[in-house]
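**Q** how would this look folded up:
(chains A and B)
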Amino acid sequence: MPTATLMSIPLPIPSGKGRSQASLPPPRQSGLQGTLSALIEKSRTLNDLLQVHAVLLRRGLHQDRILNFKLQRAYSSLGCLDNSIWIFNCTLNPDVFNWTAIIHSHAQLGLHDRAMVYFVDMLCSGIYPNAFTFSVALKSASIKSGKPLHSLAFKLGFYSDLYVETGLLDVYARTGDVASAKKLFDEMDQRSLVSMTTMMTCYAKHGEIGNAKFLFDEMPDRDVVCWNVMISGYAQNGFPNEALLMFRRMLSDAKMKPDEVTVLAVISACGQIGALETGRWIHSFIENNDICINLHLGTALLDMYSKCGSLEDARLVFERMTDKDVVTWNSMISGYAMHGFSGHALETFDEMLRAGMKPNDITFVGILNACSHTGMVQEGQNLFYMMKSKYGIEPKVEHYGCLVNLLGRAGHLEEAYNIVKGMNIEPDIVIWSSLLGACGLHNDLVLGEEIAELLIKQNQMRSGTYTLLSNIYANSGNWVEVARIRSMMKSKGVEKEKGCSSIELDNTVHEFLAGDMNHPKCQEIYSMLEEINGWLRAAEDYEPQTNKVLHDLGDAEKGQSLEVHSERLAIAFGLISSRPGTTIRVVKNLRVCPDCHEVCKVISRVTGRKIIMRDRNRFHHFVDGCCSCDDFW
DNA sequence: CTAGGGTTAG
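**A** Predicted coordinates:
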């Protein structure tokens, strides 16, 4: 227990400035030292730093505590902890700064145990910690023991120090104790940019983005870090549009220079929206502003391109990346899976193994999904069992979900249900929904009702599961039951999620709800819909699939026909607003409606346009009357 | 002269 260790070491009694430090000769700064110290701070690469270090050694300054402190910090910020340790070990009579640097660099890398050992060593050698040293050590000890060690700070007389309090605040933020963080924050008698940013981070990480924004607005000055917290907070809490808005404000109003963390969050927001043009704009922004495309950024870019429907760009980024980690490979694999290119997904998986990269649990979510999108039952089952036997990865609820989905969709309902019953973990709503969906797909009323009964008993029904059940009844023409479910939803106050589709044109994202009349180009859109209806009447292969979807409509959509579904409005708008031949990219929040799926095929054939549609589950590429999903979805 | 920010997943 680090706490016990920390408590059991008697602290040296501070006498004035500290005895042990006073006994050392005072460090003298000469002109050479000043120059070297500036050079160390200016070094951006390891090579630069090594050269400055060599000069320093040649001049016999290897015992200069100030220069060594700066070298230690510079090496650890470049990721060379070993060099930092080496210099520290060479320093005769290290002072509190040398000690602090070595403790801090270990803590930054999450090596809290080592950080504590150094701290204790420091105390043992008679050096009294300053507030910063103490705050770093206290933070390490707190993280190790899983709780902020408030009382310890109080006992040692460091309580109301700004650094110490900010450190404690950060620990509360990490442990997720928002209430205590807020209490401490309110009690602190000084605030700083950093402590406010820490509090904002705490709010943003726990979904209280409104409170984060409130603090942000109160700040007298803002630096790049707090802008980043706000932007990534929006992106991670599902407000990608707000994230982009903040980014624009950061550039135009605040004239702030974004760094690689900013663009990472913005790219993630573009991926969520499916805004390809904006994503491309950010990509060129990155290149024009000399922001280095590192591992994280490359992975985020590749993920953004695949979520925006451009696998070509995703692959290009992937191939240009020299450093790839497991996240990079996973993104490429799940990108192919999302688009229904299972062959490419499996090939990439093989490529990954050949490159000597170890797959993890998420890798298997990707390839299992790839299998279920194209009905590769045998392959998927093999991979599922290989996951544990060959790679030692214990299946999680997501993997069972993939397997159940794979079996159910392919019509092996019995087998899928047996898997669910035999699971050693609790099945979640995703698994039940996919099984229920499979029952609808293969008209298994009996199993469907059994599952629904179970979910009702466990009070697990959601708006989506009601819809699935209602579809099962609608398929068999049982309108009485359909009506009963409808009234059940009403009495329980369950609202159906509204279908919403968006399309990006000229860097603006246009959103449509079903039957939407709010768009400025409303008239043209509706006359385009009329034209589409004409094509449909003339098409021999099109038959409206009314009974499948008529009862899938929420209250907002009730009474409106298929013709004004949100995806159709978005496509109609795309047709009238872009040049002939341009690809139309649409994003829908729910799954694409079966009737609209057919309509897209006709539109792609008549207009010769490619339509790429992202729905809640996957992508559909419509080209010349066919969909890449082969109607298996 | 130090504290605060980040990517993948049904």
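**Q** residues of the stretch 251-400 of chain A that sit close to DNA strand B?
**A** When proximity is defined by CB under 7 Å from any atom of the strand, the stretch 251-400 of chain A lies next to DNA strand B at A:259-262, A:264-265, A:268, A:271, A:294-297, A:299-300, A:303, A:307, A:326-327, A:330-331, A:334, A:362, A:365-366, A:369, A:398. C-beta coordinates here come from the backbone N, C-alpha and C atoms, glycine included.
**Q** which among those residues end up buried?
**A** Those of these that meet the buried threshold are A:260-262, A:264-265, A:268, A:271, A:297, A:299-300, A:303, A:307, A:327, A:330-331, A:334, A:362, A:365-366, A:369, A:398, by 16 or more other CB atoms under 10 Å.
**Q** any chance you could map the strands in chain A?
**A** With DSSP state E, the ranges of strands along chain A come out as A:500-505, A:508-513, A:584-588, A:611-614, A:619-623, A:626-627.
**Q** give me the mean pLDDT for the last one.
**A** For strand A:626-627, the mean pLDDT works out to 88.
**Q** turn the strands of chain A into a markdown table, columns for distance to DNA strand B and mean neighbour count.
**A** Formatted as a markdown table, the entries for the strands of chain A read as follows, by distance: least, CB to the nearest atom of the strand, whole Å; neighbours: other CB atoms under 10 Å:
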| stretch | distance to DNA strand B | mean neighbour count |
| --- | --- | --- |
| strand A:500-505 | 15 | 21 |
| strand A:508-513 | 18 | 18 |
| strand A:584-588 | 12 | 25 |
| strand A:611-614 | 12 | 24 |
| strand A:619-623 | 12 | 22 |
| strand A:626-627 | 19 | 18 |
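**Q** how near is residue A:210 to residue A:267?
**A** 24 Å (CB to CB, to the nearest Å).
**Q** who has more neighbours, these two?
**A** When neighbours are counted by other CB atoms under 10 Å, residue A:267 comes out ahead of the other of residue A:210 and residue A:267, with 26 against 9.
**Q** look up the pLDDT of the more buried one for me, please.
**A** Per-residue confidence for residue A:267 comes out at a pLDDT of 94.
**Q** got it, and residue A:453?
**A** pLDDT, the model's per-residue confidence, is 83 for residue A:453.
**Q** what's the answer for the one 10 residues further on, then?
**A** Listed pLDDT for residue A:463 reads 74.
**Q** quick check: phi and psi at the residue nearest to residue A:276 when sequence neighbours are not counted.
**A** Nearest-residue entry for residue A:276: residue A:308, 3.9 Å, with adjacent residues in sequence omitted and distances by CB to CB, 6 or more residues apart in numbering. Backbone torsions for residue A:308, taken as degrees, to the nearest 10, come to phi -90, psi 10.
**Q** report whether the expected contact of residue A:308 with residue A:279 is present.
**A** Yes. Residue A:308 is in contact with residue A:279 according to CB atoms under 8 Å; the separation is 5.3 Å.
**Q** give the residues shared as contacts by the two.
**A** Both residue A:308 and residue A:279 are in contact with A:270, A:271, where contact means CB atoms under 8 Å, 6 or more residues apart in numbering.
**Q** ok, stretch A:408-424 near DNA strand B or not?
**A** No. Figure legend: stretch A:408-424 not in contact with DNA strand B (CB under 7 Å from any atom of the strand); closest approach 10.7 Å.
**Q** dump the residue contacts of the residue in the stretch 501-633 of chain A that DNA strand B sits nearest to.
**A** Distance from DNA strand B to each residue of the stretch 501-633 of chain A (CB to the nearest atom of the strand) is smallest for residue A:616, at 5.0 Å. Residue A:616 makes contact with A:588, A:589, A:590, A:591 under the criterion CB under 8 Å, 6+ apart.
**Q** filter the residues you listed to the buried ones?
**A** By 16+ other CB under 10 Å, the contacts of residue A:616 give A:588, A:590, A:591 as buried.
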